[in-house]
Structures are given as structure tokens and as C-alpha cells.
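Q: give me the fold of what follows.
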Amino acid sequence: MVSFESVKRMMGWCPMKDIEFKPAQKNCSPDFKSKNMNLSQMDNQSIKEKDIPLQMIDWRQLTILLTLSLSFLILVFNDQFTITPVGHLILVLVLIMLMASFFLFNHNRVSIGSEILMIKTPLFKPINIPKQQIKEVKTIDNTVYRKRPLYIVLIIVMLLAFFVHTRYLYNLSTKSLLLEYIRSNTTMVVLPYFLYIYMIYINRRRSHCPKAIKINVENKAITLFPRNDIEYHILKETLER
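A: Numbers count the residues shown, from 1 in each chain. The predicted structure follows:
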């Protein structure tokens with residue numbers, strides 16, 4: 001005689017099996033976990049330390065730039081009357097530090113989280129702005145973008161000026177006056193070229209997208225210059241989230 005237990009084993013039936021398995025599958029299935037993880041990642045989407053061109057008044061950076069600029073002008077004034085090798089070397093070093101600071105301070109790293117906008121500035125502590133302090137995030141026209149053809153003209157003018165100045169230096173070298181000219185006029189010649197190159201460089205970095213994002217905070221205004229339309233939409237959505 002076939003027992004009831006034998007019939008259950010042959011048919012694979014268990015009244016408690018489905019009752020125990022279904023809730024576990026419903027709550028702990030791999031697909032359900034992966035969906036929850038994806039939703040969580042979308043909800044907590046953030047931007048971490050992107051080198052985005054921006055315009056912002058940072059008094060810490062301005063203090064460094066103004067100090068170096070004033071020191072440079074004082075050294076140039078003294079160098080015109082008392083030219084010494086040590087003084088000229090210090091003048092050149094201050095000029096190098098000034099040029100390096102201009103380029104360095106133009107590279108801030110932006111992080112945008114669910115609650116804080118952080119701007120990481122070189123040499124200083126990051127600026128943390130809670131999103132509650134952001135009064136407005138709006139799209140503005142990037143005027144630098146419309147002036148891109150002008151940069152080609154500026155580059156051509158700079159190259160022509162550099163060519164003329166090179167010819168002038170060559171003529172001085174034939175008259176054995178080049179060393180004296182370099183010793184007394186190097187810094188004043190290098191500075192205009194640097195400012196010209198820096199102006200083209202900084203505007204070139206900001207001219208990739210026709211739209212810019214202006215952020216009005218309680219105590220300052222920050223303008224972000226995305227490098228393409230995709231970056232613009234990501235920044236705008238993350239800031240408004």
C-alpha cells in the first residue's frame with residue numbers, strides 16, 4: 001500500500017513550501033534589489049569635483065593676486081633706478097608666481113550633492129554652500145560664446161606682434177645690445193604677452209556652450225560655464241534637484 005508521504009514525494013507537493021518561499025522571493029529577489037539600487041543611485045545622483053570654468057569673486061584669491069601685483073610694481077619701480085642681479089632675479093620670481101597664480105586660480109573644482117554645492121579652490125579651504133542658501137538658478141546667454149571668432153583675430157594679432165618683437169630683438173643682437181635689453185626690459189615685455197595670452201585662454205575655456213548657469217546665493221553670485229550641452233543639462237538638473 002502506497003503511503004501518503006510517498007505520494008507527496010512523487011508529486012513534489014508541499015503545502016508549506018509555497019507559503020514560505022513566495023514572501024522571501026517577493027522581498028529578496030535579485031531583480032528587486034537591483035531595481036532598488038538603481039533608484040537609490042538616481043535619487044542620490046551628484047557631481048564630484050569637476051573642473052568647470054566659473055566666474056566668482058573670491059577675496060582670498062584676490063588678496064594673493066593684488067599682493068603679488070603690488071609687489072611686482074614696486075620691484076619694477078626700484079629696478080628702474082637700482083638694477084642689481086639679485087633684485088632682478090627677485091623681480092622675475094615674483095612675475096612667475098603672479099602668472100602661475102592667475103592660471104592656478106582659474107581651475108576650481110565643483111561638487112554638487114543633494115544638500116551642498118562645494119567649490120574647491122586651489123590653496124584654500126573649499127567653499128561649502130548649502131542648497132537652502134541658493135536663491136535662484138537660472139540660464140543666461142553665454143556672451144563669450146558669441147565672441148569666439150574674435151579670438152582668432154586676437155591670436156593673429158598676437159603672433160604678428162611677437163614676430164615684430166622677435167625681429168627687433170634680432171636687430172639688437174647684431175648690435176651687441178641684446179643682453180642689456182633683456183636685463184632691463186624682460187619683465188615689462190613678458191607681462192603684456194602674458195596678459196594677452198591669459199585673456200585668450202580664460203575666454204576660450206568659457207566659450208564652448210551657448211548657455212551659462214548663474215547661481216544667486218545670499219552673499220555672492222556664481223556663474224558656471226558648461227563645456228557642452230550635456231554638461232549644461234546635468235549641472236542644471238543637479239542644482240535644481
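
Q: quick check: the nearest residue to F124 once chain neighbours are set aside vs S101, distance?
A: Leaving aside its chain neighbours, F124 sits nearest to R60 (5.0 Å; criterion: Cβ to Cβ, 6 or more residues apart in numbering). All C-beta atoms are positioned from the backbone trio N, CA, C, and that covers glycine. With distances taken as Cβ to Cβ, to the nearest Å, R60 is found 11 Å from S101.

Q: the more surrounded of these two?
A: S101 (18 against 13; other Cβ atoms under 10 Å).

Q: the more buried one and T84: what is the separation?
A: Separation of S101 from T84 (Cβ to Cβ): 25 Å.

Q: quick one: low-confidence ranges for this structure?
A: Flagging of the chain using pLDDT under 70 yields the residue ranges 1-45, 79-83, 175-188.

Q: can you get me a residue count around K138?
A: K138 sits with 10 neighbouring residues when counted by other Cβ under 10 Å.

Q: after the helix or strand hosting G87, next one along is what?
A: Per DSSP states H and E: G87 is located in helix 85-104. Sequence order places strand 109-112 as the next helix or strand after helix 85-104, per DSSP H and E.

Q: and that next one, which strands flank it?
A: As defined by DSSP bridges, the strand partners of strand 109-112 come to strand 47-51 (antiparallel), strand 116-120 (antiparallel).

Q: pick the most deeply packed of these.
A: strand 116-120 (a mean of 18; mean count of other Cβ atoms under 10 Å).

Q: surely D229 touches L235?
A: No - applying Cβ atoms under 8 Å, one finds D229 not in contact with L235, separated by 10.8 Å.

Q: the more surrounded of the two?
A: Between D229 and L235, counting by other Cβ under 10 Å, L235 is the more crowded of the two (21 against 12).

Q: spit out the contact partners of that one.
A: Applying Cβ atoms under 8 Å, 6 or more residues apart in numbering, we find L235 in contact with I47, I52, I112, I213, L224, P226.
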